[in-house]
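**Q** with the input below, show me the fold.
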Amino acid sequence: MDLVKYEMKTKEKIFEQDGVEVFDSGYFGKILVADDLALYCEHDSAMRHEVLAHTAMCSHEEPRRVLVVDGGDGAVAHELLKHKDVAITVVERDADIVDAARAMGLHDKALENERVDFRVCDTLSFLAEAKEGHYDIVILNRFDEIYYDDKAVMAHIARILGGKGLVVADASNQLFDMAGHKEVLGALCDEFKIVMPFRYTSMVRTGGEQWLALGSKFFHPTADVNLQRADLTDGFTWYNSDLHVAQFALPTATFELLKEYVKR
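**A** Numbering: from 1, shown residues only. Next up, the predicted model:
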């Protein structure tokens, strides 16, 4: 990012392979870096991945099949496994991320769980070939860093989701990349009845505040939140139903900038 420089002290580099690195920082714990961009650290993993996974899971009435795109670090799968009776498919385009996750040693074992179907493959080809209406939820991990054709991807996502399906994706940063944020929201608006951005806190990303977006064919993420699932599922350290609703709040001026991209 040209506008702001953000630095973190590290103790040692414990993994490096084709642009993917893992650092031991001490204070932040282990940090996963891809192409010089810190994706997340050990100490903010719950802040990101609980929000990413459980906002989706608790916005749907009864999810049974979930697809995670570019989830080879295992972090999203780790969170989804906290929900019983959910079949999880994880696809990852970058084998180096998988190797880095093993070096981090945080969530990689989740990909070995019997409820997880994990494969390293061309994720765009997987989406194009996936069965129509097969999934209840799709989670697009690292979406804003991969530079897909947003509209083409969302068209595939809408096709493979069931009639009440929903998708959650990274949506860049409102403070430093409003154009990129609008691009993701606009792609969702072409395919989904409800489109709403929501935030999470990051210890290693510029500005400390990052944005996700939810697109839904049927369920509203605040009106239809499953309170029992949000507050009674075991294993949460960050996410709860109060946070679920609050993270969708937008300042008045921001909503004015985004009103043609938000459908609620």
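
**Q** identify the residue spatially nearest to residue 127, adjacent ones excluded.
**A** residue 156 (4.1 Å; CB to CB, 6 or more residues apart in numbering). Where C-beta positions appear, they are placed from N, C-alpha and C, glycine not excepted.

**Q** so what pLDDT did the one you found get?
**A** On pLDDT, residue 156 comes in at 94.

**Q** now the end-to-end length of stretch 52-68.
**A** 11 Å (CA to CA, to the nearest Å).

**Q** flag every buried residue along that stretch.
**A** 52-60, 63, 65-68 (16 or more other CB atoms under 10 Å).

**Q** pick the one among the residues you listed closest to residue 124.
**A** residue 67 (13.3 Å; CB to CB).

**Q** now do that closest one against residue 77, distance only.
**A** Separation of residue 67 from residue 77 (CB to CB, to the nearest Å): 11 Å.

**Q** again, but for residue 86
**A** 10 Å.

**Q** so residue 244 touches residue 55, yeah?
**A** Yes: using CB atoms under 8 Å, residue 244 is in contact with residue 55, at 5.9 Å.

**Q** joint contacts of these two?
**A** The contact sets of residue 244 and residue 55 overlap at residue 221 (CB atoms under 8 Å, 6 or more residues apart in numbering).

**Q** spit out the contact partners of residue 49.
**A** Contacts of residue 49 (CB under 8 Å, 6+ apart): 40, 75-76, 78-79, 107.

**Q** neighbour count and secondary structure added to those residues, as CSV?
**A** Converted to CSV, the contacts of residue 49 look like this (neighbours: other CB atoms under 10 Å; DSSP: H, G, I helix; E, B strand; the rest coil):
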residue, neighbour count, secondary structure
40, 28, strand
75, 27, helix
76, 27, helix
78, 24, helix
79, 27, helix
107, 19, coil
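
**Q** tell me the one among those residues nearest to residue 114.
**A** For the contacts of residue 49, the nearest to residue 114 is residue 78 (14.4 Å; CB to CB).

**Q** what about that closest one, distance to residue 230?
**A** For residue 78 relative to residue 230 (CB to CB), the value is 18 Å.

**Q** same question for the longest strand that the chain contains, mean pLDDT?
**A** When the chain is parsed with DSSP state E, its longest strand is strand 161-170. Strand 161-170 carries an average pLDDT of 97.

**Q** neighbouring contacts of the helix or strand just after that strand?
**A** Later in the chain than strand 161-170, the nearest helix or strand by DSSP states H and E is helix 178-189. Helix 178-189 is touched from outside by 143-144, 150-151, 153-154, 167, 169-174, 195, 197, 211, 213, 215, 257-258, 261-263, with contacts defined as CB under 8 Å, 6+ apart.

**Q** and the helix or strand following helix 178-189, what does it pack onto?
**A** Where DSSP H and E defines the elements, the next helix or strand beyond helix 178-189 is strand 194-201. Counting by 3 or more CB pairs under 8 Å, 6 or more residues apart in numbering; DSSP states H and E, the packing neighbours recorded for strand 194-201 are helix 45-57, helix 178-189, strand 209-216.

**Q** any chance of the ones you listed in a markdown table, plus distance to residue 90?
**A** Shown next, in a markdown table, are those (distance: least, CB to CB, whole Å):
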| stretch | distance to residue 90 |
| --- | --- |
| helix 45-57 | 12 |
| helix 178-189 | 21 |
| strand 209-216 | 18 |
